[in-house]
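Asker: Could you work out the structure for the sequence below:
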Amino acid sequence: MSGLLFVCLANRARSPLAELMTRALLDQAPGGSQIAVSSAGTWTPGGEPMWPPAAAEATRLGLDPTGFRSRQLTPDIADDVDVVLAATRDLRDKLISGQPSLLRRCFTWRELAWNLAAAPPAWDGVAWADRLGALPEVVARSRGRIPAPPADALDVEDPGGRRPKVLREASAQTLDAVRTITAALSG
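Answerer: Down below sits the predicted model:
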């Protein structure tokens, strides 16, 4: 098991943006390239490019969406990573319900960021390659010691078929979350 997996529905907007953002941020951190980052969707047939408005948003942010293809989430894909990050609480709950082995290592990406901002991990000699696998325990130790965020602060709304403003908000929320997550991993 190794890596970080972002999950949304179609794997054409939210999760690929999160994947590209995270990869770019980790590549800037010494040792960050050791962490695998990927994405998948729960109802995509797979093989599709990023949704054009999401690809344009990625380009606006200096990311390269060229060559991205959606991928259907399977139990094996989720089993093969250290942490699974869903776009929304509803999706997180469905993932856990369908695959109970994800219980301790599945969060929304904003939920994980909230937790890591409130209780940053102290890595004290933990190698980069081991930090991602340790995150579920870091979160478990801080639960009940930090205040819970407002519920709607944990979701990234689906921008598909919506006004461009929703995509920009989803992108900003995702960038905020992945900056916090990658900073915590950099420790």
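Asker: Buried residues, the helix or strand of the chain with the lowest mean pLDDT. List them.
Answerer: Counting by mean pLDDT, DSSP states H and E, the chain has its least confident helix or strand at helix 128-142, which shows a mean of 91. Neighbour counts over helix 128-142 (16 or more other CB atoms under 10 Å) mark 128, 131, 132, 133, 135, 136, 138, 139 as buried. No exception for glycine: its C-beta is placed from N, CA and C like everyone else's.
Asker: Which element, helix or strand, includes residue 184?
Answerer: Per DSSP states H and E: residue 184 is located in helix 164-186.
Asker: can you pull the contacts of the residue nearest to residue 48 when sequence neighbours are not counted?
Answerer: Distances taken as CB to CB, 6 or more residues apart in numbering put residue 70 closest to residue 48, at 4.5 Å, once the chain neighbours are dropped. Applying CB atoms under 8 Å, 6 or more residues apart in numbering to residue 70 gives the contacts 10-12, 16, 40-41, 44-50.
Asker: Helix, strand, or coil at residue 70?
Answerer: Three-state call for residue 70 (DSSP: H, G, I helix; E, B strand; the rest coil): coil.
Asker: quick one: the nearest residue to residue 53 once chain neighbours are set aside from residue 159, how far?
Answerer: Nearest residue to residue 53, sequence neighbours excluded (CB to CB, 6+ apart): residue 167, at 5.5 Å. Counting by CB to CB, to the nearest Å, the gap from residue 167 to residue 159 is 4 Å.
Asker: Just the ones in strands from the contacts of residue 70, please.
Answerer: 40, 41 (DSSP state E).
Asker: which among the contacts of residue 70 gets closest to residue 95?
Answerer: Nearest to residue 95 out of those is residue 40 (CB to CB; 10.4 Å).
Asker: Before we move on, what's the pLDDT of residue 1?
Answerer: Looking at residue 1, its pLDDT is 53.
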